[in-house]
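Visitor: with the input below, show me the fold.
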Amino acid sequence: MSASSGQRTAAPWDLSFLRIGALVALAATAVAAPLVGLVLGWGDALAVVVGAAVVTAFFCVSGLVVAWAGKVDDTWTLPAALLAFGVKALLLFPLLTGLPPDGWLDRVTLGWTVVAGALLWSGLQLRWVWTRQLYYVPPPAPPEVPGNDRATDPDRPRTRD
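Guide: Below is the predicted model:
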């Protein structure tokens, strides 16, 4: 089951996937924006850049919110993730619908970029989780060696015997 209320894990929250995701999103945008600009137009290329920035910002905010919630209490992570998702959806909807249909930023291209970016980031997060050794319970303590006073005094300096 889950941890009881008020419990937090001693393990730090690892947010290294944010750096990897931002770098991959930057590389994908660097390829996609000029390609879209040449094929569809430079307004569409700008929509790709804006869409990639929005998705990257959304995933970074979610990662930080969930990590903060996990540091406070493990049981807060799911509600924090759902709340962050809901707030982002409520912000994205008026952004997309508020753009003029014939404006300088193409709404359709922006929308498809957000979908593609969310899929890219989700895939990166899945791969990041699958390739890490993550414990769903605290790992057991290493066994103590009898007669080894270093096992009982971790601050004692190590010397060659």
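Visitor: which SSE is immediately downstream of the top helix by length along the chain?
Guide: Taking DSSP state H as the criterion, the chain has its longest helix at helix 42-72. Later in the chain than helix 42-72, the nearest helix or strand by DSSP states H and E is helix 77-98.
Visitor: who does the worst-scoring helix or strand of the chain on mean pLDDT touch, helix- and strand-wise?
Guide: Lowest by mean pLDDT, DSSP states H and E among the helices and strands of the chain is helix 77-98, with a mean of 89. Secondary-structure packing of helix 77-98 (3 or more C-beta pairs under 8 Å, 6 or more residues apart in numbering; DSSP states H and E): helix 42-72, helix 107-130. Yep, even glycine has a C-beta here, placed from its N, CA and C like the rest.
Visitor: and the contacts of stretch 31-40?
Guide: Residues outside stretch 31-40 that contact it (C-beta atoms under 8 Å, 6 or more residues apart in numbering): 44-49, 52, 106, 109, 113.
Visitor: please repeat the previous calculation with a cut-off of 6 Å.
Guide: Applying C-beta atoms under 6 Å, 6 or more residues apart in numbering, the contact partners of stretch 31-40 are 44-45, 48-49.
Visitor: do stretch 50-63 as well
Guide: For stretch 50-63, contacts defined as C-beta under 6 Å, 6+ apart pick out 15, 18, 22, 25, 29, 84, 88, 110, 113-114, 117-118, 121.
Visitor: need the helices and strands packed on helix 77-98 in a markdown table (columns: mean pLDDT and mean neighbour count).
Guide: Below are those laid out as a markdown table (pLDDT from 0 to 100; neighbours: other C-beta atoms under 10 Å):
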| stretch | mean pLDDT | mean neighbour count |
| --- | --- | --- |
| helix 42-72 | 93 | 19 |
| helix 107-130 | 92 | 16 |
